[in-house]
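[1] structure for this input, please:
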Amino acid sequence: MADRPPPYALVARVRNANLRPTVLALSTIVGIWSLVWAIGFFKEISDDKNEGFTKLAAFALILGIIYIAVAVINFFGVAATAMQRLAFIRIYSFGALLSSLLVIGAGFIRVITHFLLKSDLLDECVKEVTGQRVDFRWGVWGPHVTETLTKDEASSWCDDAFSHDSWSEIVLLIAEILFMGLISWIVWNYAHATSVPAQSHPVQTQNPYYTPPYASAAAAYDPYGAGATRDYAPPAGPPPGFAPPKDSSDELPGYGVGAQDSKFDVVDGKRGGSLSKDSLDDPFADYDERRR
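    Have a look, this model is predicted:
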């Protein structure tokens with residue numbers, strides 16, 4: 001328990017996490033996904049026109065253009081994130097919002113078209129699979145057939161496929177709303193963290209019991225200034241408890257000739273007084289005097 005990290009460590013890691021790899025991955029996935037949808041709708045345009053369903057062809061063209069725009073926006077986001085250009089990332093942050101709105105709008109168009117043009121969809125399905133060996137797929141998640149069917153078998157199969165596709169379109173729309181909303185939030189936070197780097201690395205306060213490095217100590221001449229601010233000025237005069245130095249006469253006695261203790265100095269054979277030049281020339285003068 002003692003070596004367990006503090007509880008804020010996980011929060012700090014999440015805040016300081018780099019969103020660039022996540023944005024790269026999500027932008028690539030959405031770009032490829034929308035490109036696949038666009039190709040599928042553009043292929044349906046010619047089939048719908050050949051069968052005489054002009055309304056379905058018009059909606060297929062609109063949806064194909066929408067998904068192409070989504071693919072272009074997300075591939076631009078991949079390039080902007082890879083180059084780490086702040087201006088491009090800011091543009092992509094708004095483009096991600098537009099991309100999310102386009103995907104969600106396309107989902108609503110698919111659902112509305114699915115129920116509004118039900119008869120056209122069923123008629124096209126029956127014509128496609130009756131008397132021919134075809135590989136017909138109803139939507140992205142719907143079933144497909146690769147055998148020759150009679151008209152009654154084709155009608156029954158198309159009804160089942162329409163019911164199955166109705167649920168898949170609704171579920172897919174809900175998933176697109178949640179997923180694209182999450183992507184927009186991630187891209188927006190990444191753009192904000194890139195423009196304001198301090199937001200991704202917030203300054204953390206130290207614990208009260210932690211001593212920071214290079215802590216300055218109080219000056220020796222002013223112990224009462226401990227903990228004071230840098231602009232603190234010590235009072236004038238000597239510090240508290242100051243005592244003047246002692247007089248030289250109170251110092252301890254010295255040793256040898258010429259020391260400060262005058263009682264051992266010898267002048268003309270007598271102790272005391274100042275030393276003469278002759279006494280200083282004899283290093284044993286004080287010793288001989290003490291033996292007398």
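[2] got the CA coordinates for stretch 172-187 in PDB?
    Extracted in PDB, the C-alpha atoms of stretch 172-187 (Å, rounded to 0.1, in the frame of the first residue of the first chain):
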ATOM      1  CA  LEU A 172     -26.400   2.000 -38.200                       C
ATOM      2  CA  LEU A 173     -27.800   5.500 -37.900                       C
ATOM      3  CA  ILE A 174     -27.600   5.400 -34.100                       C
ATOM      4  CA  ALA A 175     -24.000   4.000 -34.300                       C
ATOM      5  CA  GLU A 176     -23.000   6.800 -36.700                       C
ATOM      6  CA  ILE A 177     -24.400   9.500 -34.400                       C
ATOM      7  CA  LEU A 178     -22.400   8.200 -31.400                       C
ATOM      8  CA  PHE A 179     -19.200   7.400 -33.300                       C
ATOM      9  CA  MET A 180     -19.000  10.600 -35.300                       C
ATOM     10  CA  GLY A 181     -19.800  12.700 -32.200                       C
ATOM     11  CA  LEU A 182     -16.900  11.000 -30.400                       C
ATOM     12  CA  ILE A 183     -14.600  11.600 -33.300                       C
ATOM     13  CA  SER A 184     -15.500  15.300 -33.400                       C
ATOM     14  CA  TRP A 185     -14.800  15.600 -29.700                       C
ATOM     15  CA  ILE A 186     -11.400  13.900 -29.900                       C
ATOM     16  CA  VAL A 187     -10.300  16.000 -32.900                       C
END
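[3] so which bits of it are buried?
    172, 173, 176, 179, 180, 183, 184, 186, 187 (16 or more other Cβ atoms under 10 Å). Using the backbone N, CA and C atoms, a C-beta is placed for each residue, glycine as well.
[4] tell me the confidence at the third one?
    Turning to residue 176, the model gives it a pLDDT of 93.
[5] can you verify my assumption that it contacts residue 102?
    No - using Cβ atoms under 8 Å, residue 176 makes no contact with residue 102, being 10.4 Å away.
[6] looking at the buried residues of stretch 172-187, which are in helices?
    172, 173, 176, 179, 180, 183, 184, 186, 187 (DSSP state H).
[7] ranges for the strands of this protein?
    136-137, 144-145, 266-267, 270-271 (DSSP state E).
[8] make CSV out of the buried residues of stretch 172-187 and add distance to residue 69.
    Below are these laid out as CSV (distance: Cβ to Cβ, whole Å):
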residue, distance to residue 69
172, 19
173, 19
176, 15
179, 18
180, 14
183, 16
184, 16
186, 20
187, 16
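[9] out of those residues, who's nearest residue 70?
    Distance ranking of the buried residues of stretch 172-187 against residue 70, using Cβ to Cβ, places residue 180 first at 9.4 Å.
[10] wait, isn't the closest one in contact with residue 98?
    No - judged on Cβ under 8 Å, residue 180 makes no contact with residue 98 at a distance of 10.7 Å.
[11] residue ranges with poor pLDDT in the stretch 101-250 of the chain?
    132-149, 197-234, 245-250 (pLDDT under 70).
[12] swap the cut-off to 80 and go again
    128-154, 156-157, 160, 195-250 (pLDDT under 80).
[13] show me where it has its helices.
    Under the criterion DSSP state H, counting those that start in this stretch, the stretch 101-250 of the chain contains helices at 118-129, 151-195, 197-200.
[14] thanks again, I'm all set now.
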